[in-house]
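Chemist: model this:
(chains A and B)
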2 protein chains.
Amino acid sequence: MKTKKSGRQTVCLMEPPSIIGSAAAVGKKEGQGPLGSSFDHICEDSYFGEKSWEKAESAMQRLAFFKALDKAKIAPSQLDYLFAGDLLNQCTASTFAMRDSAVPYLGLFGACSTMAEGLGLAAMMIDGGYADYTCAVTSSHYCSAERQFRAPLEYGSQRSPTAQWTATAAGAVILAAQGGGPYVTAVTTGCIRDAGIADISNMGAAMAQAAYDTINRHFEDLRLTPGDYDLIVTGDLGRVGRGIVLDLFRRDGVDMAPVYDDCGVLLYDQKKQDVHAGGSGCGCSAAVLCSLLLNGMRAGRWKKLLFCGTGALMSPTSSGQGESIPGICHAVAISSTR
Amino acid sequence: MKTKKSGRQTVCLMEPPSIIGSAAAVGKKEGQGPLGSSFDHICEDSYFGEKSWEKAESAMQRLAFFKALDKAKIAPSQLDYLFAGDLLNQCTASTFAMRDSAVPYLGLFGACSTMAEGLGLAAMMIDGGYADYTCAVTSSHYCSAERQFRAPLEYGSQRSPTAQWTATAAGAVILAAQGGGPYVTAVTTGCIRDAGIADISNMGAAMAQAAYDTINRHFEDLRLTPGDYDLIVTGDLGRVGRGIVLDLFRRDGVDMAPVYDDCGVLLYDQKKQDVHAGGSGCGCSAAVLCSLLLNGMRAGRWKKLLFCGTGALMSPTSSGQGESIPGICHAVAISSTR
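Modeler: All right, here's what the predicted structure looks like:
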């Protein structure tokens, strides 16, 4: 049984699972951005009613999870597998969010690529015959990330123009063997790619090469071109990384501009919101997928989407020890028809 | 296609993948323990020739990975997927170990359950028709873990009698669609279970309930009893957690003692090596699996093994905020025949 593999890194799902529910919960700043009206839950309180920002992130992830279940009209006990992960040390935002869910739990670490990684695995678990219902969920929180990765917020540190803003956002997707779509049709799993960038204020540049590699590989494996998609979206390269991806393709004589965008660019208003190069964090691409993108597919705005989650696989310790930033990108093809 | 699911949490693999290569690389202390002669690589230098313990952990993980490929007689480029994870913040031991591997990479976070989580997923990817060859790899290092989770080694902190010793160890398993075994025949994915234990010096107690739940679920889902296995091994509950698991089963009138052991107990010599309640860390169960257990299966010592990886899904931050320790356990059934 080797029929599902197409080329080196891509699998085509024989019975594409349907996305039967998705939801996004975000913070106040994200709610004030251009996608504000499409989120399921916007919390004015950065603590989400909890006593710490870490607990707030878990609470926000739960909001997205339960709302997605509501929209899918299934109970947690119907889920066969839950794929979850986040940026906090030891991925505790997800662990504590899902502690009481009683769903078989598979923890992931893919940094900001987590939603794409989880979505791909969640789809393969159904198509492979291991599950009827699966969920992929992830989150990030500006305040919990900032004090873990950079400096306490109270320091009021200056930010570099290439720096991205960690989104306070969570997204959850429920997949099922049966349903009216959109459908996950193919998954291209990325290899780690280190472009040698060591500037932790320029993650977009560090991840752009990985995004280029995976998107290119997806095209090669399936013999497709950018024009085969209505929208190709990376998440989250921001403005700097997005520009690099466009440049890299341009060198090959490929113009991605008509169909390409980035979740980190889409989430905030560049002019009115002080986010420098754009959004980032596991929750950024997850929340954009679970609002603008999937809603747009359901409304017929796009029929074929390539969702390319990108992650920077570093830690403050690895950067402190002089290491460059390894990047990764996983691409998931989503189609409104099977 | 729902035939693979058996009960709530277990899947039976229709075409059980074969373990065609496995290897363990460990530190000096682990090499001096009772399993010393069965490891593939023992490094006298805790730095493994690197400049930091974090880089040492990556180097050790690479040693296990390449040795497992050697034993399987396949090239990295033949691997379709690599599942990897570890305990370091943002799982950087694995990221940097596998940075140059050019294998599609799926990052996991399962704490000390990582090998079981990765092995289960790696097996399902083959059985599901997505891959011909997959790898699960993980590691832990006493020195990188100690300074991240507890205190700088230079403090010479006292250890509680219930505390476990993070193993300096790595294990890698290569799976293939074809091969002479041992075979992965079933996978029971665990739910998070929080027993309310908040003592970070007693991880065994925190994880024991999760182990009991998953093993019980495995028996129920497949209608098996402990006697159906030659060996049921948890990793890594240590002496305290192992005792609790035995007690929990005893309450149900089930005597697990004849077939049950724990990787954290097996790795070190309780009398001669100062490890208190036993070993822990992602590398502990991984290295015991890739030495004693799989070698023993190949030699005919055991025919049916239930490998139950256990993980404590906390962080210093969550514990510092007063949270208890959520545990998880994934069980993978390995058989010498299909």
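Chemist: would you map the strands across the stretch 51-200 of chain A?
Modeler: Ranges of strands within the stretch 51-200 of chain A are A:81-86, A:105-107, A:133-140, A:165-166, A:169-176, A:183-188, A:193-194, based on DSSP state E, counting those that start in this stretch.
Chemist: the stretch 201-338 of chain A against chain B: which residues are in contact?
Modeler: Contact residues, the stretch 201-338 of chain A versus chain B (Cβ under 8 Å from any Cβ of the partner chain): A:L313, A:M314, A:S315, A:P316, A:T317, A:S318, A:Q321, A:E323, A:P326, A:I328. Bear in mind the C-beta positions are built from the backbone N, C-alpha and C, glycine included.
Chemist: find the nearest non-adjacent residue to the first one, please.
Modeler: Which is A:L313. B:T95 (4.0 Å; Cβ to Cβ, 6 or more residues apart in numbering or on different chains).
Chemist: tally of neighbours for the one you found?
Modeler: Residues contacting B:T95 under the criterion other Cβ atoms under 10 Å in any protein chain shown number 30.
Chemist: surely it touches A:G327?
Modeler: No: counting by Cβ atoms under 8 Å, B:T95 stays clear of A:G327, with 10.0 Å between them.
Chemist: overlap in contacts, those two.
Modeler: Residues touching both B:T95 and A:G327 (Cβ atoms under 8 Å, 6 or more residues apart in numbering or on different chains) are A:I192, A:L313.
Chemist: so which of the residues of the stretch 201-338 of chain A next to chain B sit within helices?
Modeler: A:P316, A:T317, A:S318 (DSSP state H).
Chemist: low-confidence ranges in chain A?
Modeler: Applying pLDDT under 70 to chain A flags the ranges A:1-3.
Chemist: can you pull out the helices in it?
Modeler: According to DSSP H, the helices that chain A contains are A:28-31, A:53-72, A:92-97, A:114-127, A:142-145, A:203-222, A:238-251, A:263-266, A:282-288, A:294-298, A:316-320.
Chemist: from B:A84, how far off is A:I192?
Modeler: Using Cβ to Cβ, to the nearest Å, A:I192 is found at 10 Å from B:A84.
Chemist: which residues do these two both contact?
Modeler: With Cβ under 8 Å, 6+ apart as the test, A:I192 and B:A84 both reach B:T95, B:M98, B:Y105.
Chemist: list just the nearest of these to B:S22.
Modeler: B:M98 (16.8 Å; Cβ to Cβ).
Chemist: tell me how many other residues crowd that closest one.
Modeler: 25.
Chemist: need the contact list for it.
Modeler: By Cβ under 8 Å, 6+ apart, the neighbours of B:M98 are A:I192, B:Q61, B:R62, B:F65, B:L82, B:A84, B:Y105, B:V137.
Chemist: now do 6 Å
Modeler: By Cβ atoms under 6 Å, 6 or more residues apart in numbering or on different chains, the residues touching B:M98 are B:A84, B:Y105.
Chemist: now A:A84. Nearest residue, chain neighbours left out?
Modeler: Nearest to A:A84 is A:S94, by Cβ to Cβ, 6+ apart, at 3.8 Å.
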